[in-house]
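Colleague: Quick check, what structure comes out for this input:
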Amino acid sequence: MLSGLLLSFGGLLLFGLPIFAALAFAVVVAVGFWGPFDPVIVPMRMFAGMNNFSLMAIPFFILASELMRIGGLSQRLVDLATVLVGWIPGGIAAATVLSCLFFGAISGSSPATVIAIGSIMFPALVAAGYDRFFAIGLITVAGTLGPIVPPSIGLIIYGSVTGASVGKLFAGGVGPALLIGALLIAACVIFAIRRGYPRQDFPTRAAFLLAIRRSAWGLGLPFLLLGGIYSGIFTPTESAAVACMYGWFVGAVIYKQIGVNELKSILKSSGAIAATLLLITAGASAFSWLLTITGAPGNLSSQVLSNTSDPFTIAALFNVVMLVTGFFLDSASAIIVLAPLLQPIAAQVGIDPVHFGLITVVNFSVGMLTPPVGLNLFVAMGVSKMSLRDVLRGCLPFIAIMIVALILITYVPWITLWLPDLIYAQ
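Modeller: All right, here's what the predicted structure looks like:
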């Protein structure tokens with residue numbers, strides 16, 4: 001039945017079915033032809049997969065990111081980032097990375113970060129003399145900070161399918177996000193010095209204070225959410241609803257850029273995005289359920305551990321498997337399908353579940369940059385009006401930096417675990 005499931009899924013993808021439909025229909029085919037179950041169990045398992053309190057955070061965080069984007073927060077965060085690092089070599093490029101880090105801490109989404117920051121910074125980088133391949137490659141890859149820095153939709157999904165603490169996962173995402181951001185900024189500085197890219201004047205005290213004041217409401221949201229979670233005032237899921245109310249208040253009352261018409265448009269677009277993601281989650285949940293009842297996790301664990309029990313080697317195998325999977329599945333589906341399979345093996349060789357969660361999310365963030373399913377590439381095409389080939393060409397040097405960061409995160413657990421250990425120390 002397992003081979004029939006995988007063959008059906010691959011065949012349906014080749015025929016061009018949407019991913020959620022391919023996942024669900026593959027389960028129906030496998031159960032109907034080879035399984036002892038009535039196929040009616042498939043929609044039941046799809047519903048059960050979505051009937052998860054943690055997943056309620058996904059549509060709320062998507063709505064919050066749209067409220068913040070339309071409400072004028074993106075430009076204010078870009079202005080702040082430019083004041084902070086615009087004066088160093090490659091300062092505008094470094095400000096792009098910092099802006100993605102700031103906005104990612106609000107949206108939790110990679111495509112949303114590329115759209116919000118890219119629509120502002122791509123024209124600015126090109127106007128400042130930066131090569132358009134460099135500009136779009138940097139924006140596309142820096143957008144992957146969205147699902148790594150907390151609050152992260154990818155980490156919420158991982159926590160829901162593995163039972164890992166979402167709060168600890170959020171804390172664990174800080175170190176990897178800062179590492180990737182630092183490596184990308186270092187690359188910007190080196191490229192700028194080698195190619196003679198421009199730099200801005202050192203900001204005046206008045207300009208610095210003005211940028212802080214204009215962006216203060218936006219910067220307050222991550223502190224509000226994480227402070228509320230770790231102080232026990234609200235859960236990670238409830239924090240998503242808090243983010244929505246905060247986003248609406250800032251955009252409508254403080255910045256006065258969200259009226260009734262804008263709110264209708266925001267609700268419509270965020271609803272469509274959330275529905276798509278939850279449909280994928282439903283299909284992937286049924287797929288994951290069938291893999292589990294066939295004994296695939298246990299069999300895979302036994303097979304891997306029979307060949308080697310070296311954590312170093314097994315971690316390398318995990319990375320290879322997840323990077324290849326990222327070519328063909330979006331990050332949400334890949335996490336739901338693979339995390340229940342691989343996490344038990346990771347636990348047996350002593351890999352902390354929070355550490356493995358960040359390894360998983362970073363791997364599938366790289367998958368957002370690789371065709372044929374790399375969503376960030378297609379979003380960047382819309383932002384830049386460049387072809388897929390040109391966007392990918394611009395991304396390649398920065399993808400290499402992401403791989404370096406992935407290796408460091410994999411083999412230096414402290415990068416991920418220092419903050420969870422600090423916060424949750426008994």
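Colleague: Show me the shaky parts of the stretch 251-400 of the chain.
Modeller: 277, 288, 291-292, 295-306, 328, 372-373 (pLDDT under 70).
Colleague: and residue 90, how far is that from residue 204?
Modeller: Distance from residue 90 to residue 204, counting by CB to CB, to the nearest Å: 21 Å. (Glycine included, C-beta is placed from N, CA and C.)
Colleague: Regarding the protein, what is its longest helix?
Modeller: For the chain, the longest helix by residue count, based on DSSP state H, is helix 260-293.
Colleague: so what does that one touch, helix or strand wise?
Modeller: helix 2-14, helix 19-34, helix 41-50, helix 57-70, helix 153-162, helix 331-348 (3 or more CB pairs under 8 Å, 6 or more residues apart in numbering; DSSP states H and E).
Colleague: and the ones you listed as CSV, adding distance to residue 99?
Modeller: Below are those laid out as CSV (distance: least, CB to CB, whole Å):
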stretch, distance to residue 99
helix 2-14, 35
helix 19-34, 30
helix 41-50, 33
helix 57-70, 12
helix 153-162, 19
helix 331-348, 22
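Colleague: out of those helices, nearest to residue 262?
Modeller: Set against residue 262 and scored by CB to CB, the helices and strands packed on helix 260-293 come closest in helix 57-70, at 5.7 Å.
Colleague: contact partners of the helix or strand just after that closest one?
Modeller: Using DSSP states H and E, the helix or strand that follows helix 57-70 towards the C-terminus is helix 73-85. Contacting residues not belonging to helix 73-85 are listed as 68, 91-92, 94-96, 98-99, 102-103, 106, 116-117, 119-121, 185, 200, 203, 207-208, 211-212, 214-215, 217-219, 250-251, 255 [CB atoms under 8 Å, 6 or more residues apart in numbering].
Colleague: Which members of those are classed as buried?
Modeller: Buried by 16 or more other CB atoms under 10 Å: 68, 91-92, 94-96, 98-99, 102-103, 106, 116-117, 119-121, 185, 203, 211, 214-215, 217-219, 250-251, 255, out of those.
Colleague: follow-up on the earlier one: next, the buried residues of the longest helix of the chain.
Modeller: 262-263, 266, 270, 273-274, 276-291.
Colleague: tell me the angle of that helix relative to helix 153-162?
Modeller: 40 degrees (axes from the mean of the first three to the mean of the last three CA atoms, to 10 degrees).
Colleague: so how far is residue 28 from residue 159?
Modeller: Residue 159 is 28 Å from residue 28, by CB to CB.
Colleague: So the two - more neighbours on which side?
Modeller: Neighbour tally, residue 159 and residue 28, criterion other CB atoms under 10 Å: the higher count belongs to residue 159, 27 against 18.
Colleague: For the residue most central in space within the chain, give me its contacts.
Modeller: By CA atoms, centre = their mean, the chain has its centre lying nearest to residue 147, at 2.2 Å. For residue 147, the contact set (CB under 8 Å, 6+ apart) comprises 104, 108-110, 153-155, 331, 361, 364-365, 368.
Colleague: which stretches of the stretch 101-250 of the chain form helices?
Modeller: 110-127, 132-142, 153-162, 166-172, 174-195, 205-230, 236-249 (DSSP state H, counting those that start in this stretch).
Colleague: would you list the ones you listed in JSON lines and tack on distance to residue 12?
Modeller: As requested, these are arranged in JSON lines below (distance: least, CB to CB, whole Å):
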{"stretch": "helix 110-127", "distance to residue 12": "24"}
{"stretch": "helix 132-142", "distance to residue 12": "29"}
{"stretch": "helix 153-162", "distance to residue 12": "22"}
{"stretch": "helix 166-172", "distance to residue 12": "32"}
{"stretch": "helix 174-195", "distance to residue 12": "34"}
{"stretch": "helix 205-230", "distance to residue 12": "39"}
{"stretch": "helix 236-249", "distance to residue 12": "32"}
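Colleague: Output the contacts of residue 147 as TSV; include the columns distance to residue 48 and neighbour count.
Modeller: Output for these, formatted as TSV (distance: CB to CB, whole Å; neighbours: other CB atoms under 10 Å):
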residue	distance to residue 48	neighbour count
104	31	31
108	24	32
109	25	26
110	27	30
153	20	28
154	21	27
155	21	29
331	22	29
361	24	27
364	23	28
365	28	27
368	28	26
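Colleague: show me what contacts the nearest residue to residue 22 once chain neighbours are set aside?
Modeller: Distances taken as CB to CB, 6 or more residues apart in numbering place residue 12 nearest to residue 22, at 3.9 Å, with adjacent residues excluded. With contacts defined as CB under 8 Å, 6+ apart, residue 12 is in contact with 21-22, 25-26.
Colleague: ok, now how distant is residue 268 from residue 262?
Modeller: 11 Å.
Colleague: Low-confidence stretches in the stretch 51-200 of the chain?
Modeller: For the stretch 51-200 of the chain (pLDDT under 70), the answer is 52-55.
Colleague: Residue 363 contacts residue 320, correct?
Modeller: No. The pair residue 363 / residue 320 is not scored as a contact, 9.5 Å apart, by CB atoms under 8 Å.
Colleague: quick one, what contacts residue 213?
Modeller: With the criterion set at CB under 8 Å, 6+ apart, residue 213 makes contact with nothing.
Colleague: pLDDT wise, what is it at?
Modeller: Listed pLDDT for residue 213 reads 87.
Colleague: repeat for residue 38
Modeller: 70.
Colleague: Could you report the separation of the closest residue to it other than its chain neighbours from residue 23?
Modeller: Once flanking residues are discounted, residue 38 sits nearest to residue 31: 7.9 Å by CB to CB, 6+ apart. Separation of residue 31 from residue 23 (CB to CB): 13 Å.
Colleague: Brilliant, that's me finished.
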